[in-house]
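A.B. asks: after the sequence you'll find the predicted model.
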Amino acid sequence: MKLKILWPGKTNNKDIRDLQEFYLDKIDRLGKFKLIETQEAKGIPEKYSERIKEIEAKGFEKYLKDDYIICLFDRGKEMSSKQFASFLSKTSMNYPHSITFILGGFAGLADSIIKRADLLLSLSQMTFSHELTRVVLLEQIYRSLSMIKGMKYAK
């Protein structure tokens with residue numbers, strides 16, 4: 001299974017960055033995985049959120065080939081952890097290229113990226129900061145890979 005995650009910019013919060021590294025190390029031991037921190041739109045006032053999303057979309061575009069694209073989206077499909085593990089397992093068997101997760105920055109994702117998605121995925125009906133969402137996704141990927149490989153993981 002080849003997994004890739006794209007998100008704009010680096011995580012600023014040190015504590016959240018430490019948690020990311022914790023899960024990235026665990027995921028790295030279980031399969032082919034690549035995290036790509038793409039171009040972040042900096043210095044643009046928040047009121048120009050559409051412009052911010054378009055700049056960040058350009059940063060994503062160059063990394064999208066024939067990937068199966070999953071965009072994190074607040075109105076996307078929700079799954080339990082078991083459903084997510086099953087989905088990843090089946091998708092990786094039926095899809096020879098990378099499964100690529102795309103997370104937007106604070107402004108979200110451009111429509112052009114959302115339209116390219118094979119799946120829109122929501123991690124919760126609750127709203128999380130974009131940096132915390134990164135950790136939640138990494139934890140769920142690690143949990144899923146652990147399930148797929150038959151490893152024990154805390155319930």
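C.D. replies: Received it, and whenever you're ready, just let me know what you need. Numbers count the residues shown, from 1 in each chain.
A.B. asks: okay, CA-based contacts and neighbour counts for the rest of this
C.D. replies: OK.
A.B. asks: look up phi and psi at Gly76.
C.D. replies: Phi and psi for Gly76, reported as degrees, to the nearest 10, are phi -80, psi -180.
A.B. asks: quick one: contacts for Glu78?
C.D. replies: Listed by C-alpha atoms under 8 Å, 6 or more residues apart in numbering, the contact set of Glu78 reads 121-124.
A.B. asks: ok, Ile141 next?
C.D. replies: Ile141 neighbours (C-alpha under 8 Å, 6+ apart): 27, 85.
A.B. asks: check what pLDDT it gets.
C.D. replies: Listed pLDDT for Ile141 reads 97.
A.B. asks: try Met93
C.D. replies: 91.
A.B. asks: ok, and the closest non-adjacent residue to it?
C.D. replies: Nearest non-adjacent residue to Met93, counting by C-alpha to C-alpha, 6 or more residues apart in numbering: Met1, 7.8 Å away.
A.B. asks: of all the contacts of Glu78, which comes closest to Ile27?
C.D. replies: Nearest to Ile27 among the contacts of Glu78: Leu123, at 18.4 Å, using C-alpha to C-alpha.
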